[in-house]
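In: all I have is the shape, not the residue letters:
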DNA sequence: GTCTATACATTGATAGAC
DNA sequence: GTCTATCAATGTATAGAC
């Protein structure tokens, strides 16, 4: 049994992903949540406060997903984890819950919403960076590569993949971009001498 | 001396970049162009037609910039051109004129606007692909890399760089993502230089 | 706590004077 | 061709009944 408050935040979270912040009206949220006009203003001061609450919990979920990069004791090598995380299924044409928001002027000008977006990327970047450092230490990637920069580049491939997929209305573009990145990582891995058989 | 019509398209093009399509109202455009309420509806059927005209010419400009990838006879190697193009100055926090639009639901649902976005990416992808193919033929990159996929990955790094830069309100993130990609390309280049590939 | 009814500003477009 | 004045619809928020 979900409370009215929870139904409001869930509806808002869904619409934030689907349409973004500016394009989501209180009316839409109320209709989707199946509650009357005034209810939202009982639980929240307005659209903004509801959006912050909804977005915060959505980002929490998102952040949890990148924990895969940290599974250091499951027998996988760091580079395997990096490539595995890159290749996780991702809904390209829907876009990234976080990355999507960076193109909304109202979000970028809103310190609270922007902070949530930044939080998502910061956490992810830290995990990417650690995984890359470990791959370098393990000799899977050459030490000439700056770990933090490569981490951002890999993060950018995913974010850019969403953009390309949406531009063409096709998942294919996301998948190919990821494949290209993995192929380049493999080329760099081969160089270090710890070559892995890839059929 | 610029005509009223030109001032309208210029104002719309600027605002499309700054705020996107949905967030730009006719009123804003008219104010920026310095013309009265009705003038826009004399030259165009409405906001949509004006936006299409303005966006089309903006995309033409954008497409012209990636011609650098095609300068095959200026003494540069293909991989040099690729890295040079990656490292061109790009206004990260402003975002990409084309990529930005893919997060606007109204744009994605609009066949004419979406077609312009796709046109920009298609042209760019073709040029990236050709350059990568040439780099492989020249022995600068290993033949194990699928050219088209790497082309999309590099395109994605740039688009993702914009996203990261906007998420943090800092150009730095775009620059680092590009640096990471270049470092990885260099690692792959080193390999083909030292080892003979069985193409 | 939830609802209906309403207020008020903004959006996208039109009418019609000059 | 350009302008001012206006309109209907929508977006966001409030009032007040139950």
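Out: That came through, no problem. What you see is a predicted model, and the numbers here were worked out from it, not measured in a lab.

In: can you give me the helices for chain A?
Out: A:4-19, A:26-33, A:39-43, A:47-65, A:78-86, A:105-108, A:111-137, A:147-168, A:171-192 (DSSP state H).

In: out of those, deepest packed?
Out: helix A:147-168 (a mean of 27; mean count of other C-beta atoms under 10 Å in any protein chain shown). Where C-beta positions appear, they are placed from N, C-alpha and C, glycine not excepted.

In: quick check: angle from that helix to helix B:171-194?
Out: 100 degrees (axes from the mean of the first three to the mean of the last three C-alpha atoms, to 10 degrees).

In: is helix A:147-168 positioned near chain B?
Out: Yes. Shown here: helix A:147-168 in contact with chain B (C-beta under 8 Å from any C-beta of the partner chain) through A:148-161, A:163-164, A:166-168.

In: again with stretch A:118-138
Out: Yes. Counting by C-beta under 8 Å from any C-beta, chain B has neighbours in stretch A:118-138: A:118, A:120, A:121.

In: is it true that the first one touches residue B:167?
Out: Which is residue A:118. Yes. Counting by C-beta atoms under 8 Å, residue A:118 touches residue B:167, with 5.5 Å between them.

In: and the residue of chain A nearest DNA strand C?
Out: Taking C-beta to the nearest atom of the strand, DNA strand C has its nearest neighbour within chain A at residue A:38, 2.0 Å off.

In: burial count for that residue?
Out: Other residues near residue A:38 come to 8 when the count uses other C-beta atoms under 10 Å in any protein chain shown.

In: ok, it to chain B distance?
Out: Counting by C-beta to the nearest C-beta, to the nearest Å, the gap between residue A:38 and chain B amounts to 27 Å.

In: now swap in residue A:110 and tell me
Out: Taking C-beta to the nearest C-beta as the measure, residue A:110 falls 12 Å from chain B.

In: how close does that residue get to DNA strand D?
Out: For residue A:110, the distance to DNA strand D (C-beta to the nearest atom of the strand, to the nearest Å) stands at 12 Å.

In: what does the model give that residue for pLDDT?
Out: Note on residue A:110: pLDDT of 98.

In: got phi/psi on it?
Out: phi -100, psi 110 (degrees, to the nearest 10).

In: tell me where the model's unsure across chain A.
Out: A:193-199 (pLDDT under 70).

In: contact residues of it facing DNA strand C?
Out: Taking C-beta under 7 Å from any atom of the strand, the part of chain A that reaches DNA strand C is made up of A:3, A:4, A:5, A:34, A:35, A:36, A:37, A:38, A:39, A:41, A:42, A:43.

In: need phi/psi at the residue lying farthest from the centre of chain A.
Out: Distance from the C-alpha centroid of chain A, by C-alpha atoms, centre = their mean, peaks at residue A:38 (33.2 Å). Reported as degrees, to the nearest 10, the phi and psi values for residue A:38 are phi -80, psi -20.

In: quick one: contacts for the nearest residue to residue A:50 once chain neighbours are set aside?
Out: With C-beta to C-beta, 6 or more residues apart in numbering or on different chains as the measure, residue A:44 is the residue that lies nearest to residue A:50, at 4.2 Å, once sequence neighbours are left out. Shown in contact with residue A:44 (C-beta atoms under 8 Å, 6 or more residues apart in numbering or on different chains): A:8, A:50, A:53.

In: state the distance from the second one to residue A:111.
Out: Using C-beta to C-beta, to the nearest Å, residue A:50 is found at 17 Å from residue A:111.

In: quick one: residue A:181 from residue A:82, how far?
Out: On the measure of C-beta to C-beta, residue A:181 and residue A:82 end up 10 Å apart.

In: what do those two both touch?
Out: In contact with both residue A:181 and residue A:82: residue A:154, using C-beta under 8 Å, 6+ apart.

In: need phi/psi at residue A:143.
Out: Dihedral pair for residue A:143: phi -70, psi -10, per degrees, to the nearest 10.

In: list the contacts for it?
Out: When contacts are counted by C-beta under 8 Å, 6+ apart, residue A:143 touches residue A:136.

In: excluding chain neighbours, what is closest to residue A:53?
Out: residue A:9 is the one closest to residue A:53 (C-beta to C-beta, 6+ apart), at 5.5 Å.

In: next to DNA strand D, which bits of chain A? Give me the list.
Out: So chain A meets DNA strand D at A:22, A:24-28, A:37-38, A:41, A:45-48 (C-beta under 7 Å from any atom of the strand).

In: what's the farthest-apart pair in these?
Out: A:22 and A:38 (22.9 Å; C-beta to C-beta).
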